[in-house]
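> Make a model of this:
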Amino acid sequence: AVGNPAPDASVVASAAQQPSLFAYNAGDQLADGTTAAGCRIAYPAFHLAATSYTEAGWALFENTVSWAAAGCPMSQTTPRALFVVPNENNLTVADNAIRARLQSLGFTVVPRSAAATTDGDATGTDLVLISSNVGESAVGAKFANVSQSVIIWKPWLYDAMKMSHSNGSNRTISTLEVMFGDHPMAGEFGGETTIVRTPSKVAVGTPASGATVIARAAGKPSLFAFSPGDALADGLPAPGCRIAYPSFHTTPSAYNTVGWQLFDDTVAWAVDGCPTIP
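This is a model prediction of the structure:
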């Protein structure tokens, strides 16, 4: 059995690239918008499949039954990411690539439609990501005051997020100029670093003075961050980590190995709370 689960589901395994083992915990939002009264698990079996299970197949079944009988407790080590996108039920190819990468890093990813989401959706998450594909008016300053780390590549929201005094823009590049190679987000890269297979657009901006600039694109800051407590554009301390990331509408589909490593390192530092780097 395979299916197309609602965004709150945790996808554990796929069959022929389709979700096959996935689950909802009590309280998760189901496909009809209601909350799950208890644990709900979609399992990879069908009419006669169980008669063909190997030892690994039966071990998977036994582990699933044990977890269900325990009430499907969430692992404390499983990070959870809120992903703000145009339509939670129809992600773009590039946004799907971001979701898949996060899932490969062990995240439970919860897509939310930009127009319907609120800053309350960040509660209980380890990370918020805002796609450049969202409409500016659909998000605005919704996540400006959350304590969670926020990674954003919608440059027209940099001012609303208090990361800049003005909107950002984008540049078409093949390489980033890494200025702070010792920073955890830079993956120890330095100088001109190729992050895409073909020239692609990335977000750029003019960050407030409290930001740390890690890399530039075509001479403009593209990867920059505020650690908690750093001064934002309004002069107030950042309530949580804020990261402007070098991506744009379709760019994730063009990332090379280095580009994805940069993403992985950025996510890891964000989930760690973006500790101040000397």
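> Endpoint to endpoint, stretch 212-221 covers what distance?
Stretch 212-221 stretches 10 Å from its first residue to its last (Cα to Cα, to the nearest Å).
> List the buried residues of that stretch.
Thr212, Val213, Ile214, Ala215, Arg216, Ala217, Lys220, Pro221 (16 or more other Cβ atoms under 10 Å). All C-beta atoms are positioned from the backbone trio N, CA, C, and that covers glycine.
> Would you mind naming the helix or strand containing Pro111?
strand 108-113 (DSSP states H and E).
> again but with Glu188, I slipped
Applying DSSP H and E, one finds Glu188 in no helix or strand.
> So what does Thr64 look like in phi/psi?
Thr64 adopts backbone torsions of phi -70, psi -40, taken as degrees, to the nearest 10.
> all helices for this protein, in order.
Counting by DSSP state H, the chain has helices at residues 55-69, 93-104, 136-139, 257-271.
> coming back round to it: pull up the pairing partners for the strand holding Pro111, direction included.
Note on strand 108-113: by DSSP bridges, its sheet partners are strand 80-85 (parallel).
> ok, the most centrally placed residue in the chain - contacts?
Relative to the mean C-alpha position of the chain, the nearest C-alpha, by Cα atoms, centre = their mean, is the one of Leu129, at 4.5 Å. For Leu129, the contacting residues are Ala81, Leu82, Phe83, Val84, Ile98, Leu102, Val150, Ile151, Ile152, by Cβ atoms under 8 Å, 6 or more residues apart in numbering.
> Dump the residues you listed to a markdown table, plus neighbour count and pLDDT.
Shown next, in a markdown table, are these (neighbours: other Cβ atoms under 10 Å; pLDDT from 0 to 100):
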| residue | neighbour count | pLDDT |
| --- | --- | --- |
| Ala81 | 25 | 95 |
| Leu82 | 25 | 95 |
| Phe83 | 24 | 97 |
| Val84 | 28 | 97 |
| Ile98 | 27 | 96 |
| Leu102 | 21 | 93 |
| Val150 | 27 | 98 |
| Ile151 | 23 | 98 |
| Ile152 | 27 | 98 |
